[in-house]
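*Asks:* Below is the sequence, then the predicted model.
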Amino acid sequence: MDRRTFNGMIAGSTAASMMGAAAGAGSAAESTKAQSQAVALYRSVGEELARYEVDVDGLTLTKRESVTLPANVQYVWPHPSRQYLYVTSSSSGSGSTGIVGTTHRLSAYRILAGGALEAHGEPATLATRPIHNSLDATGSFALVAYNNPSGVTVHRIARDGTIGEEVKQGKLDTGIFAHQVLATPSNRNVILVTRGNDAAGGKPEDPGALKVYTFKDGVLGNLASVTPATGGLGFGPRHLDFYPTQPWVYVSVERQNKLREERGEQQ
């Protein structure tokens, strides 16, 4: 897939996102008012995920209760309904530490009044250290990315917000050193951001790429590997995000300390 085709796909995704935003515009004022009354901030250190009460007017943070995860917190993502929070944890360290653990989990928490958290169902056991997790736009599937070995898994989310079974996948191109996985705004595709690695210790550079998949009922399918003309050399993406109202994608390129913008045409 070339850049033009990729941008066209993103343009379609953005259009779907804009329609969804327009449909929900009527309740924006009520939502904003409710949020201003109770704002919660979550912070993780090691296995602890703590809630801080935010005083917007007084510009203060007050630590409240906390929950303890099965291992060190890796990433946190909210359900679209804002009723549940999904947390990945692992006893493995980062690649530089060399610590290989055996506890890797995806856990669900119910968000109570004021933002307090309560364990919700049984955690899902993961094979290796998760580095990022997110949910699709419908809140029906949890997406989990792994850096070493690079990979991605999809887990069903039940109607009550609990974590269900893992969705079996075919042979996927997962690149080298994945760092993030996100569904596109249209929810028709999923993008796995793979960073690659710099050349070191006599080992040549590993190329980076954006691995684009089709996405239907939790099943991923290889669609494209998006890289610069270098084939991914000199391209080490870490995270991406979508502009809310335009067909633009912004990619932070870790290994080159850059921010790239991909812009398409409305189609």
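*Replies:* Looks like it came in fine. Residues are numbered from 1 along each chain as shown.
*Asks:* quick one, what contacts Gly161?
*Replies:* Residues near Gly161 by Cβ atoms under 8 Å, 6 or more residues apart in numbering: His79, Ser81, Gln83, Tyr84, Ala108, Arg110, His120, Gly121. Every residue, glycine included, has its C-beta placed from N, CA and C.
*Asks:* of these, buried ones?
*Replies:* By neighbour count, with 16 or more other Cβ atoms under 10 Å, those hold His79, Tyr84, Ala108, Arg110, His120, Gly121 as buried.
*Asks:* before we move on, back to that, would you check which pair of the contacts of Gly161 lies furthest apart?
*Replies:* Farthest-apart pair in the contacts of Gly161 is Ser81 and Gly121; separation 15.4 Å (Cβ to Cβ).
*Asks:* those strands in the stretch 151-267 of the chain, which residues are they?
*Replies:* Listed in chain order, the strands of the stretch 151-267 of the chain (DSSP state E, counting those that start in this stretch) span 163-166, 178-183, 189-194, 209-216, 219-226, 237-242, 248-253, 258-263.
*Asks:* Then the stretch 1-150 of the chain?
*Replies:* All strands of the stretch 1-150 of the chain, identified by DSSP E, counting those that start in this stretch, fall at 39-45, 48-55, 60-68, 72-78, 84-90, 104-111, 117-119, 124-125, 130-135, 141-147, 150-157.
*Asks:* Tell me which of those sits nearest to Gly170.
*Replies:* Across those, Gly170 has its closest neighbour in strand 150-157 (11.8 Å, Cβ to Cβ).
*Asks:* what does the average pLDDT come to for the closest one?
*Replies:* Here strand 150-157 scores 98 as its mean pLDDT.
*Asks:* the inter-axis angle of that strand versus strand 84-90?
*Replies:* Computed by axes from the mean of the first three to the mean of the last three Cα atoms, to 10 degrees, the angle separating strand 150-157 from strand 84-90 equals 140 degrees.
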